[in-house]
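In: Pasting a predicted model and its sequence here:
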Amino acid sequence: MKSSGRSGKRRSILAKRETGIDTRSRVVPHRPVLWRVGIGTDLHRLAEGRKLILGGIRIPFNKGPVGHSDGDVLAHAICDALLGAARLGDIGRHFPNTSPQWKNASSLLFLRRVRQWLDAAGYSIVNIDATVGLEQPKLAPHIAAMEKQVAAALALEPGQVSVKAKSGEGLDAVGRGEAIRADAVALIQACC
Ligand SMILES: [Zn+2]
């Protein structure tokens, strides 16, 4: 195994001398990148008297996220996953929490804007997978509605969006019922 590693290294050095291209690099020059993946996470503190909105769906509960906008962690994590996949920055840069424009804004608006920017950059969305961490209430009865709403905001088919829920098992801020979090990954494709 050692000798094949050495010969592979030698081949790559020779190829670099001849072509100027380092073949050990995982990125092959001149080949367009067709698929890109992005990750997004979000965490908000929970407080009594705030509305609990996830994926644009209002969920009855006595607590909700504290935030400048509607505090929709699911929408925020998905925005960041999509922006990251397209290397277009992050949600804080595009929708700063210091701007009065986004005060109490519906985060579905953020999703719609992000979709427009991806379109403009030449990307289509393949699929999104997300997990919401919340101790209470149980989200299972609302999952399908969230998937449908997020898909609609992004002009996708419902089958392209997956939402899952997890409790915090009594541990950390989520488990103690003090916070809500979401994690999302997105796969996008260059249109040409
Ligand atoms: Zn957020």
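Out: Sure thing, it's come through.
In: Provide the secondary structure category for the most centrally placed residue in the chain.
Out: When Cα atoms, centre = their mean is applied to the chain, the residue found nearest the centroid is Ala81 (2.5 Å). The three-state label given to Ala81 by DSSP: H, G, I helix; E, B strand; the rest coil is helix.
In: What's the separation between it and Ile128?
Out: Taken as Cβ to Cβ, to the nearest Å, the spacing of Ala81 relative to Ile128 amounts to 7 Å. Every C-beta, even on glycine, is put in place using the N, C-alpha and C of the backbone.
In: swap in Leu46?
Out: When distance is defined by Cβ to Cβ, Leu46 is 24 Å away from Ile128.
In: Would you mind telling me which of those two has the busier surroundings?
Out: Regarding Leu46 and Ile128, a neighbour count based on other Cβ atoms under 10 Å identifies Ile128 as having more, with 26 against 23.
In: Which parts of the protein belong to which domain?
Out: Structural domains of the chain, as assigned by automatic domain parsing, span the residue ranges 1-31, 32-190.
In: Off-centre distance for the last one?
Out: Right, domain 32-190. On the basis of Cα atoms, centre = their mean, to the nearest Å, domain 32-190 is displaced by 7 Å from the centre of the chain it belongs to.
In: Common neighbours of Ala81 and Ile128, please.
Out: Common contacts of Ala81 and Ile128, defined by Cβ atoms under 8 Å, 6 or more residues apart in numbering, comprise 184-186.
In: Scan those and report the most crowded one.
Out: The most crowded member of the shared contacts of Ala81 and Ile128 is Ala186, carrying 31 neighbours; neighbours defined as other Cβ under 10 Å.
In: quick one, phi psi at Ile180?
Out: Main-chain dihedrals, Ile180, degrees, to the nearest 10: phi -130, psi 140.
In: And what about the residue of the chain at minimum distance from the ion, helix, strand or coil?
Out: Proximity to the ion, evaluated over the chain using Cβ to the ion, is greatest for His76 at 3.5 Å. Applying three-state DSSP to His76 yields a three-state assignment of helix.
In: show me the contacts for it.
Out: Contact partners of His76, counting by Cβ under 8 Å, 6+ apart, are 40, 42, 91, 107, 110, 182.
In: what's the answer for Glu157, then?
Out: The neighbourhood of Glu157, defined by Cβ under 8 Å, 6+ apart, consists of Ala151.
In: could you redo the last one with a cut-off of 10 Å?
Out: 127, 148, 151 (Cβ atoms under 10 Å, 6 or more residues apart in numbering).
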